[in-house]
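Trainee: starting from these lines, generate the structure:
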Amino acid sequence: MSTDGQNTQGGGSRRRGGSGGRRSSGSRRNTRSAQGPGQGGRGRPVNRGPAQNNKPQPTRPAAKPKAPSKPSPITQNLTLTAWDMARTRKQQPDSPRGQVMTLRAHQRLVASFEKERSIPDPDRSFLRVKEDARGSILLIHGVSTGPGDLRELANFLFDNDYNVYVLRLPDYGRHAHTISAVSWQSALHQARQCFRLLSRGGGKVPVVGMGFGATLALHLAREENVSSLVLLSPAIIPKATALQKLLVRLKLHHLKFIHRYVGWNADLMEGMDQARSSVGKLKIPIYAAQCEDDDRASPASVRFLQRKSRHKASRFQVFPEGGHIILAEHGARVLFDEIVRFCDD
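Mentor: Residues are numbered from 1 along each chain as shown. Alright, predicted model coming up:
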C-alpha cells in the first residue's frame, strides 16, 4: 500500500513539472516493481490477496455448535421433586391434597423451564389449581394460536371452581414459523401426558381445543377417558385443494417432492384426516362453535361434527362473523357461560 502511494505522488510531480527531465533510477525501479504480470514489468508481481496466491490456504475448522445451556439448580431441584412424587405415589387416584401438591410442583417446574428459555409471557403454559376444585379442564391451543388466546377462558373456568391447564405446544403458535419438522403425534403425546396428570385427581376431565388443538382433542378422546369436548374454530377440514387432500389421504405426502407441493401443513392434514375418521366412534358430548368467516379453518368443520356426533347432549353453534380467534369476539359475551354450563352437565 505504501509503495503504490509513493508512485502516485511521483507521477503527479512529473506531470506538474512540465519539463522533459529524466526520472531517477529509483523511480523507475519503484514503477517496475508495481507492475504486474503481463504489463511489461520485469519486477516480481505484487501479492494482492489470496486470489493471486498460488499457495493453498489453510482451511479453518468448522465452528462447534453451541452446547445447550444446563438447567439452573432451581430447575434441577424442581425436576427431582416432580420425579420423586411421580415415583412414590401409588397406582390410584390422588387425594385432593395430593393432587394439588402434584400440580403445583409441575407448575413450578414448567414455569422455571420456560423462564430460563425466555419464552414470552403470552406464550407460556398456564396452570391454576385449588384444593376445593370440582374438576379439571385441559385447554389445547392450535398452530396459529397460543396459550395467551385461551388464558381469559381459563381464568373464567378457574373462577368457576375448575383446575385449568393451558399447555404450551413447542413450535406451535409461533409467528412466522413453519412446523414441517414437528409431527402432530409429538404434540398429541404432550397433550396426553398433561391430561393424565390432571386425571389423577379423579372425576371428570373435559378438554377444550382451539383450531388444530381441536384435532388433538379428538385424538385424545379416542385414547383417554375424556368426559366431554369443547371444540372452538375446529380445524378438522383443511383449506386445501382436492388434489392436496387426495395426496395426503393416500399418504403420498411422505415423498419429498410431494411434500414440497402440498406444503408445510401436510403433516397437519394427516392428523385431521385421522381425527375425522374417529368422530363417529366417540360416545361423549361435543360442544363446537365456529365463525362463517374463519380464514384459517374451513367452516364446514363444525357441520361435519354435527353430522357425525352420536351423543344427544352435543351442541353446535355458528356465528356469521368473528374470524378464527372466536373467543376474542364471542368469548365473554356468549361462549364463556355456555362452556361452563356444558362442562357442568
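Trainee: for residue 144, which non-adjacent residue is spatially closest?
Mentor: Nearest residue to residue 144, sequence neighbours excluded (Cβ to Cβ, 6 or more residues apart in numbering): residue 296, at 5.7 Å. Every residue, glycine included, has its C-beta placed from N, CA and C.
Trainee: repeat for residue 200
Mentor: residue 94 (4.8 Å).
Trainee: what does residue 185 give?
Mentor: residue 271 (7.9 Å).
Trainee: tell me the SS of that neighbour?
Mentor: helix (DSSP: H, G, I helix; E, B strand; the rest coil).
Trainee: outside of whichever helix or strand residue 213 is part of itself, list whatever touches it.
Mentor: Assigned by DSSP states H and E, residue 213 falls within helix 212-223. Helix 212-223 has contacts (Cβ atoms under 8 Å, 6 or more residues apart in numbering) with 139-143, 145, 169, 172, 184, 187-188, 191-192, 195, 207-209, 226, 229, 231-236, 268, 271-272, 274-275, 278-279, 281-282, 284, 288, 301.
Trainee: now list the buried members of those residues.
Mentor: Buried subset of these (neighbour count, 16 or more other Cβ atoms under 10 Å): 139-143, 145, 169, 172, 184, 187-188, 191-192, 195, 207-209, 226, 229, 231-236, 268, 271-272, 274-275, 279, 282, 284, 288, 301.
Trainee: show me which residues of the helix ranked longest in the chain are buried.
Mentor: When the chain is parsed with DSSP state H, its longest helix is helix 96-116. Burial within helix 96-116, assessed by neighbour count using 16+ other Cβ under 10 Å, is assigned to 99-103, 105-114.
Trainee: closest to residue 132 out of the residues you listed?
Mentor: Set against residue 132, the nearest of the buried residues of helix 96-116 by Cβ to Cβ is residue 100 (9.6 Å).
Trainee: dump the residue contacts of the closest one.
Mentor: Applying Cβ under 8 Å, 6+ apart, the residues near residue 100 are 129-131.
Trainee: 7 Å - rerun?
Mentor: By Cβ atoms under 7 Å, 6 or more residues apart in numbering, the residues touching residue 100 are 129, 131.
Trainee: and it, how close does it get to residue 106?
Mentor: Going from residue 100 to residue 106 by Cβ to Cβ, to the nearest Å gives 11 Å.
Trainee: same deal with residue 328?
Mentor: Residue 328 is 29 Å from residue 106, by Cβ to Cβ.
Trainee: and for residue 329?
Mentor: 33 Å.
Trainee: over to residue 186?
Mentor: Per Cβ to Cβ, residue 186 is found 19 Å from residue 106.
Trainee: any idea which element the spatially closest residue to residue 160 that is not a sequence neighbour lies in?
Mentor: Spatial nearest neighbour of residue 160, excluding adjacent residues (Cβ to Cβ, 6+ apart): residue 340 at 5.1 Å. Using DSSP H and E, residue 340 falls within helix 336-344.
Trainee: and that helix, which residues are buried?
Mentor: Within helix 336-344, the residues scored as buried using 16+ other Cβ under 10 Å are 336, 339-340, 342-343.
Trainee: in a helix, that's where residue 230 is, yeah?
Mentor: No - according to three-state DSSP, residue 230 belongs to no helix; its state is strand.
Trainee: ranges for the strands of this structure?
Mentor: All strands of the chain, identified by DSSP state E, fall at 126-128, 136-140, 163-167, 207-210, 229-232, 286-291, 315-319.
Trainee: can you list contacts of the third one?
Mentor: Here strand 163-167 makes contact (Cβ under 7 Å, 6+ apart) with 103, 125-130, 133, 136-140, 147, 150-151, 154, 157-158, 190-191, 194, 198.
Trainee: now do it against strand 136-140, angle only.
Mentor: Calculated by axes from the mean of the first three to the mean of the last three Cα atoms, to 10 degrees, strand 163-167 forms an angle of 20 degrees with strand 136-140.
Trainee: output strand 163-167 as PDB, nothing but the C-alphas.
Mentor: Once non-C-alpha atoms are left out, strand 163-167 reads as follows in PDB (Å, rounded to 0.1, in the frame of the first residue of the first chain):
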ATOM      1  CA  ASN A 163     -58.500 -26.500  37.900                       C
ATOM      2  CA  VAL A 164     -57.200 -25.400  34.500                       C
ATOM      3  CA  TYR A 165     -54.100 -26.200  32.500                       C
ATOM      4  CA  VAL A 166     -53.300 -24.400  29.200                       C
ATOM      5  CA  LEU A 167     -50.300 -26.400  27.900                       C
END
